[in-house]
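Visitor: Next comes the sequence, and after it the predicted model I'd like to discuss.
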Amino acid sequence: MATAKVQVLHAVLTAAGWVHPGPAEMDADEARQFEARGMVDVLEVDGKREVWSACCNGGDHDHG
């Protein structure tokens, strides 16, 4: 089981109970599900920074 360090943006009900806004740790799979719904920001997973690269870096293309 991977562990994620997150910034909780809105209170979430995890398998372990309620987690309120602020820094927290939780299961990485659960954290990613909450991140997809805008409830948390995943900062690290098992000590490694989790960073999403920008989709567009000034190029001119269509997301069609």
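Guide: The structure has been received and is ready for your questions. Bear in mind that the values here come from a model prediction, so they are computed numbers and not experimental data.

Visitor: Next up, identify which helix or strand the residue most central in space within the chain is on.
Guide: In the chain, the centroid-proximal residue (CA atoms, centre = their mean) is V42; its distance is 2.8 Å. In this assignment (DSSP states H and E), V42 forms part of strand 40-45.

Visitor: okay, now Q33: neighbour count?
Guide: Per other CB atoms under 10 Å, the neighbour tally for Q33 reads 14. From N, CA and C alone the C-beta is placed, and that goes for glycine too.

Visitor: In a helix, it, correct?
Guide: Yes. Q33 sits within a helix when classified using DSSP: H, G, I helix; E, B strand; the rest coil.

Visitor: Give me the local confidence score for it.
Guide: pLDDT recorded at Q33 is 95.

Visitor: And for M1?
Guide: M1 carries a pLDDT value of 84.

Visitor: Now do the buried residues in stretch 36-45.
Guide: Within stretch 36-45, the residues scored as buried using 16 or more other CB atoms under 10 Å are 39-40, 42, 45.

Visitor: Contacts made by that stretch with the rest, please.
Guide: Identification of contacts with stretch 36-45 by CB atoms under 8 Å, 6 or more residues apart in numbering yields 2-10, 12, 24, 26, 28, 31-32, 34-35, 49-50.
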